[in-house]
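Student: With the input below, show me the fold.
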Amino acid sequence: MTTNVPAGTPDEAVDEVRGREAARSRELAAGGNLRRLWRPPLNPGEWRTLGLFAADDGDELERLLASMPLRVWRTDEVTPLSPHSNDPALSAPGSGQEFLITMTIAVPEGTSSAAVDDTMKREAQRARELATHGHLKRLWAMPTQTGYRRTLGLWNASNAREMDSIVESLPLYSWMTLAIIPLTPHPSDPANSH
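Tutor: Numbering: from 1, shown residues only. Model prediction:
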C-alpha cells in the first residue's frame with residue numbers, strides 16, 4: 001500500500017484521516033480480515049505499508065481495502081497467496097526482526113526428478129527445523145511464472161546477517177532468486193495489540 005498525500009493538505013486533515021484509518025484497521029483485525037501490517041524501508045516523505053489480509057475472493061478484498069479511510073490517497077498492489085506445503089502455520093515466536101522474503105525457484109535444466117524430489121524433501125525438513133527455532137513464521141505459495149515456483153515467507157532473525165545465513169542454509173538456496181525486505185513494526189499492526 002503506497003500513500004501519497006496531496007501537497008497542501010492541512011496537517012489536521014491528515015491526522016484525522018490517519019485516526020480513522022487506525023480505527024478501521026482495528027475493526028478489520030477484530031473481524032479477522034486484517035492479519036498483519038508492517039513498514040518496509042522508506043525514503044523520506046514516503047508512506048508505504050505491507051499488509052496481510054484474509055478475504056474470500058478478490059472482490060471482497062477490494063471492498064475491504066476501499067473501506068479504509070487512507071484509500072482516498074492510497075494505491076494498493078495485491079498479490080494473492082495460497083497455502084504452502086511447508087508452512088508452519090504458527091511457529092514459535094521470534095525475538096528479533098521480521099523479514100518478508102520472496103523466493104523464486106528455478107530448477108536447473110537437466111536436473112533429474114530424483115534430485116529435485118530429494119532437494120524438496122530436505123527443504124521441507126529444514127523449514128520444519130527453522131520454524132521450531134522461531135525463524136520461519138509463515139510460508140505461502142504465490143502465483144507462479146512459467147518454469148518457476150514462487151514463495152513468500154515471513155521470517156525472523158536477530159539481524160540481516162543472521163537472516164542471510166539462514167537463507168543460505170536452505171537446500172533450495174542455489175536455485176533461488178531472493179528479494180528480502182526488512183520489516184519494522186506498524187502502529188496499527190494487529191499483532192501488537194495483544
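Student: drop to CA atoms for contacts and neighbour counts, all remaining ones
Tutor: Will do.
Student: What are the contacting residues of the one helix or strand residue 165 maps to?
Tutor: Element membership of residue 165 [criterion: DSSP states H and E] is helix 160-168. Helix 160-168 is contacted from outside by 156-157, 173, 182, using Cα atoms under 8 Å, 6 or more residues apart in numbering.
Student: so where is this protein shaky, pLDDT-wise?
Tutor: Residues of the chain that meet the criterion pLDDT under 70 lie in 90-94, 147, 193-194.
Student: Which positions are bridged to the spatially most central residue of the chain in the beta structure?
Tutor: When Cα atoms, centre = their mean is applied to the chain, the residue found nearest the centroid is residue 100 (4.8 Å). Beta-bridge partners recorded for residue 100 (DSSP bridges): residue 154, residue 181.
Student: That one touches residue 183, doesn't it?
Tutor: Yes: under the criterion of Cα atoms under 8 Å, residue 100 makes contact with residue 183 at 7.0 Å.
Student: Which segments of the chain make up each domain?
Tutor: 2-78, 82-184 (automatic domain parsing).
Student: Out of the ones you listed, which is closest to residue 190?
Tutor: domain 2-78 (5.7 Å; Cα to Cα).
Student: where's the closest one relative to the chain centroid, distance-wise?
Tutor: Computed by Cα atoms, centre = their mean, to the nearest Å, the chain-centroid distance of domain 2-78 equals 15 Å.
Student: Output the domains of the chain in a markdown table, with distance to residue 192 appended to each entry.
Tutor: Shown next, in a markdown table, are these (distance: least, Cα to Cα, whole Å):
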| stretch | distance to residue 192 |
| --- | --- |
| domain 2-78 | 9 |
| domain 82-184 | 12 |
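Student: so how far does stretch 43-53 reach from one end to the other?
Tutor: By Cα to Cα, to the nearest Å, the extent of stretch 43-53 from end to end equals 25 Å.
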